[in-house]
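Peer 1: Next come a sequence and a model predicted from it.
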Amino acid sequence: MEDLMRKLKEARDYINAKTGNLKKYAGLVLGSGLGDLADEIENKIIIPYKDIPNFPVSTVQGHAGRLVIGKLEGRVVLCMQGRFHFYEGWGMDQVVFPIQVMHMLGIERLILTNAAGCVNKNWEPGNLMLITDHLKLTTHENPMRGKNEDELGLRFFDMSRAYDPELADVVRKVAKGLDIPLKEGVYMFFAGPSFETPAEIRAARLLGADAAGMSTVPEVIAAAHCGMRTVGISCMTNMAAGILDQPLNHTEVLETGIKVHNQFAALIKGIVREF
Ligand code: HPA
């Protein structure tokens with residue numbers, strides 16, 4: 001995308017015009033079930049995605065589709081209430097566009113949340129997992145494929161610290177302090193929108209995955225490209241395909257999300273406070 005920098009700058013300038021150059025400390029991407037955390041932001045400035053130049057507009061049920069900027073736990077955050085998924089039909093470049101806009105706005109820290117299928121048989125729905133690494137085997141679908149924008153980052157860039165080890169320690173400390181049990185593991189990206197097959201989940205487990213989901217990984221890659229420090233947290237909303245003798249459905253995903261909502265929200269707020 002040759003005019004990526006122009007598009008990013010247009011989006012950045014539009015947001016800055018709305019927020020008056022307010023220094024934004026952290027970016028927050030709220031996955032399914034956690035969107036209402038944005039309602040707790042104080043002195044909110046709300047910007048619908050449809051108003052932001054070059055922004056995609058999200059369609060999935062339960063995703064609001066707006067930026068909410070303001071104070072959470074005393075820190076100015078820029079929160080995506082609703083994200084863009086590859087399965088919605090967006091290109092990978094569009095999926096990660098908002099992350100690159102955050103970078104352009106000067107945001108250096110990013111918190112990504114998601115709902116995921118639980119691949120690890122020792123865990124259960126409702127468990128929260130700090131993402132320590134990821135797997136993405138659809139090799140051609142890298143969001144950084146195509147012309148590299150040197151202004152954003154390197155052509156070939158490191159992924160060994162994509163999930164920031166120091167910030168991960170902060171998350172562990174916060175979870176401990178709040179008495180919130182926190183698993184840790186590897187998140188495997190699947191393009192969706194079909195849930196995985198039982199064979200895919202068995203393969204995922206053999207490869208070392210603990211969770212399977214349809215988001216987050218493209219965003220983490222884009223964040224690593226432009227040098228943002230990232231934390232990812234998954235909520236296991238259901239046992240992944242083939243583990244239990246029952247079909248998967250989106251209602252179960254939403255229901256578990258509601259059950260653990262308060263704990264998940266408390267953890268994210270604690271992280272923002274300590275970041
Ligand atoms: N698979 C992929 N994505 C998901 C799942 C799942 O089982 N649950 C919630 N998001």
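Peer 2: Thanks, I have it. Numbering: from 1, shown residues only.
Peer 1: so what pLDDT did Arg155 get?
Peer 2: pLDDT recorded at Arg155 is 96.
Peer 1: now the one 5 residues further on
Peer 2: Among the per-residue scores, Ser160 shows a pLDDT of 97.
Peer 1: cool, and the one 5 residues further on?
Peer 2: Per-residue confidence for Pro165 comes out at a pLDDT of 96.
Peer 1: count of residues packed around it?
Peer 2: By the measure other Cβ atoms under 10 Å, the count of residues near Pro165 is 10. Backbone N, C-alpha and C define where each C-beta goes, glycine included.
Peer 1: Which helix or strand contains Thr251?
Peer 2: Per DSSP states H and E: Thr251 is located in helix 250-259.
Peer 1: Name the residues of that helix that are buried.
Peer 2: Neighbour-count burial for helix 250-259 flags 250, 253, 256-257 (criterion: 16 or more other Cβ atoms under 10 Å).
Peer 1: Kindly reformat those residues as a markdown table and extend each row with pLDDT and distance to Ala116.
Peer 2: What follows is these, written out as a markdown table (pLDDT from 0 to 100; distance: Cβ to Cβ, whole Å):
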| residue | pLDDT | distance to Ala116 |
| --- | --- | --- |
| His250 | 85 | 13 |
| Val253 | 82 | 9 |
| Thr256 | 86 | 11 |
| Gly257 | 84 | 11 |
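Peer 1: Output those of those residues also counted as contacts of the ligand.
Peer 2: Val253 (Cβ under 6 Å from any ligand atom).
Peer 1: what's the closest of the buried residues of helix 250-259 to the ligand?
Peer 2: The closest of the buried residues of helix 250-259 to the ligand turns out to be Val253 (Cβ to the nearest ligand atom; 4.5 Å).
Peer 1: Cheers, nothing more for now.
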